[in-house]
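Q: What shape does this take:
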Amino acid sequence: MDTQVLIVGAGPVGLTLAIDLGRRGVRCVLIEQKPAPAKLPKMERCNARTMEIYRRMGIVDRVRAAGLPADCPMDVFIVTSLVEPPLLHRPYPSVAEAKAEIAARNDGTLPLEPYQLISQYTLEPLLKSIVEAMPSVTVRYGHALTAFKQDARSVEAEVATAAGATSIVRAAYLVGCDGGASIVRKQLGIGLAGDGSLLQLRQALFRCDDLYERIPIGKGRHYHVADQHATFLIVQDDTRHFTLHSVVDTDDAMRTMFERTVAMPVDYEMLYVGQWKQNLLLADRYADRRVFLAGDAVHLVVPTGGLGMNSGVGDAVDLSWKLAATLDGWGGPNLLASYEIERRQVGARNVEASGFASRGRRAWRSAYHPALRDNTPEGVAARARLARVAAAEQPKSNEMIGAELGYCYAGLPIAAAEAGEPPVQDFLTYVPTTRPGARLPHVWLADGTAMQDRLGPGYTLLRFRGAPDTTALERAMRATGAPFGVLEIADDTAREVYGRDLLLLRPDLHVAWRGNVMPDEPDKLAALATGH
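A: Take a look at the predicted model:
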């Protein structure tokens, strides 16, 4: 066996998977057909859940240092241009302001980490530098997967360089993180279902060093133009680069749309233009025996709502610990089987959430009227109507905290069933819960530390003051060979938020079981939680 895991695709999802496997000591080979990370304007925001994941991986400070400065506003504007009064201005806190709010609240309703604006062309090289320093991971750019086959024990992959040289890599598992046109998915014969080609746009990347400081209507991250071209200007992480999306017929027309949006003389350079399509698609399956899929290979969403790359990071960390457990010998067969069960339901939910956000944006855009910019009673009325619709509909794109944090895995083969209806999952509202399958809510402990920072890399039995004796469950968990620890907490606030005296937490900090008394059959619970 040449390696334990072969990862195809070094976008943010493949790189995150490689880092998380690397920190668990798993031997990986990561291949990417590009010769180096490209400066292409794709994703530009890590959401709160992704930043919590990066905190647990120990890289959150490096991601923040590379991204948008912490004091920059995250406001969203709907405009006719950057020099005219906005039709709508939605203020959103900077990272520094969001951190202050998180520090001041302790009811479980906020994430441990706020979002971070960071361009994909900044994030990818950063993650690449981190993974290349890991002794168990080999990174090969300029290498493309051409074919593979699998049997009961391994996957054999044919890999080609740009010069045409081929080699065979044998791995215990293969993971396709190779995007919407995934070669891995296509060779497996797995289809995509949903709505494809909803809208075709052009995207351009501009460098304009002084534009950000000169915007007279206020600093923000998104400037939506109320026009018939779905024009949309995005500030990138260094505030010197900007992406523009618009429905136009030619590449050169993107210059015209940029100048029309900026509406003041500036020196700029157009660095890139490309076409892209909006899709809402979900793969029929996420796995086939020893081959798994993650990220855009299995879910394609409209960027509205910011659930694309961030969903893929969730896929990566769910799969990572299960692969490591299986390779280490303590993970039962249900662990890897649970990957598709858990993450496909999140993929379906996020496709739905992205469609919900996209419909909101289309609703206010449909209020466009040719008289919008006229200094007439008709123009005044048109602006007022669009602003009214946008005030109700635009937040659907920017306030998806329920979709980000509130997913709760259902029908789990590796978590205890619980009677009663699960909480209603709202895209825009997060209600903290410790129901099995849910992400553990963030709380601050009395000493100022975060609960999530006190939890080890394996399973944790969280015990609050007054909990019953748990010796039998502890013995059962240790007998599985899984990494396991017990954390005793005497903190009334955390107990109130979590609602139970005992919680068994998985390595990804999702709840496996909760209760106020010991489970009737602790051996069966331990076997369930570890995939046996």
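Q: Walking through the stretch 301-450 of the chain, point out its helices one by one.
A: 308-328, 333-365, 377-393, 395-398, 401-405 (DSSP state H, counting those that start in this stretch).
Q: Tell me which residues are up against the fourth one.
A: Spelled out, it's helix 395-398. With CB atoms under 8 Å, 6 or more residues apart in numbering as the test, helix 395-398 has contacts from 76, 90, 92, 222, 304-305, 356-361, 427-428. From N, CA and C alone the C-beta is placed, and that goes for glycine too.
Q: Could I get the CA-only coordinates of it as PDB?
A: Presented in PDB, the C-alpha positions along helix 395-398 are these (Å, rounded to 0.1, in the frame of the first residue of the first chain):
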ATOM      1  CA  PRO A 395     -31.500  39.200   4.900                       C
ATOM      2  CA  LYS A 396     -32.200  35.700   3.600                       C
ATOM      3  CA  SER A 397     -28.800  35.800   1.900                       C
ATOM      4  CA  ASN A 398     -26.700  37.200   4.800                       C
END
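Q: and the contacts of helix 395-398, which are buried?
A: In terms of neighbour count (16 or more other CB atoms under 10 Å), the buried residues within the contacts of helix 395-398 are 76, 90, 92, 222, 304-305, 356-358, 360-361, 427-428.
Q: From the residues you listed, pick the one nearest V184.
A: G305 (26.0 Å; CB to CB).
Q: Contacts only, for the closest residue to R514 other than its chain neighbours.
A: Nearest residue to R514 in three dimensions, chain neighbours excluded: R500, at 4.2 Å (CB to CB, 6 or more residues apart in numbering). Going by CB under 8 Å, 6+ apart, R500 touches 434, 464, 514-516.
Q: now V175
A: Contacts of V175 by CB under 8 Å, 6+ apart are 5-8, 14, 17, 291-294, 319, 323.
Q: Can you check those and name whichever has the most neighbours?
A: Highest neighbour count within the contacts of V175: A294, with 34 neighbours (other CB atoms under 10 Å).
Q: now do the same end-to-end measure for stretch 427-447.
A: 33 Å (CA to CA, to the nearest Å).
Q: List the buried residues for that stretch?
A: Buried, per 16+ other CB under 10 Å, within stretch 427-447: 427-428, 430, 432-445.
Q: cool, stretch 102-121 as well?
A: 102, 106, 108, 110-121.
Q: returning to what we had before: spatially, which two of the contacts of helix 395-398 are the most separated?
A: Within those, Y92 and R359 form the most distant pair, 21.1 Å apart (CB to CB).
Q: What score does the residue nearest to R514 have for pLDDT?
A: Among the per-residue scores, R500 shows a pLDDT of 97.
Q: From D195, how far off is it?
A: Going from R500 to D195 by CB to CB, to the nearest Å gives 41 Å.
Q: give me the number of residues near the closest residue to T429 other than its chain neighbours?
A: The shortest distance from T429 to any non-neighbouring residue, by CB to CB, 6+ apart, is to G402 (4.8 Å). By other CB under 10 Å, 17 other residues sit near G402.
Q: need the contact list for G402.
A: Per CB under 8 Å, 6+ apart, neighbours of G402: 425-431.
Q: Run a quick check on G305 versus G355, I expect a contact.
A: No - using CB atoms under 8 Å, G305 is not in contact with G355; the gap is 9.0 Å.
Q: isn't Q116 right next to A65, touching?
A: No - between Q116 and A65 there is no contact under CB under 8 Å: 10.0 Å.
Q: Using TSV, please lay out the contacts of G402 together with distance to L505.
A: TSV is the format used below for the contacts of G402 (distance: CB to CB, whole Å):
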residue	distance to L505
Q425	20
D426	24
F427	25
L428	27
T429	24
Y430	19
V431	19
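Q: So which of those sits lowest on pLDDT?
A: Lowest confidence among those: Q425, with 78.
Q: State the distance from that one to I31.
A: Counting by CB to CB, the gap from Q425 to I31 is 36 Å.
Q: more neighbours, those two?
A: Using other CB under 10 Å as the criterion, Q425 and I31 rank with I31 on top: 24 against 18.
Q: List the contacts of that one.
A: 6-10, 140-141, 143-145, 159, 169.
Q: Among those residues, which one is most surrounded by other residues?
A: Among these, I7 has the most neighbours (other CB under 10 Å), with 30 neighbours.
Q: right, and the secondary structure at the nearest residue to it once chain neighbours are set aside would be what?
A: Excluding the flanking residues, the one nearest I7 by CB to CB, 6+ apart is L30, at 4.5 Å. What DSSP: H, G, I helix; E, B strand; the rest coil gives for L30 is strand.
Q: partner residues bridging L30?
A: I7, V139 (DSSP bridges).
Q: Tell me how many other residues surround it.
A: Counted with other CB under 10 Å, the neighbours of L30 add up to 29.
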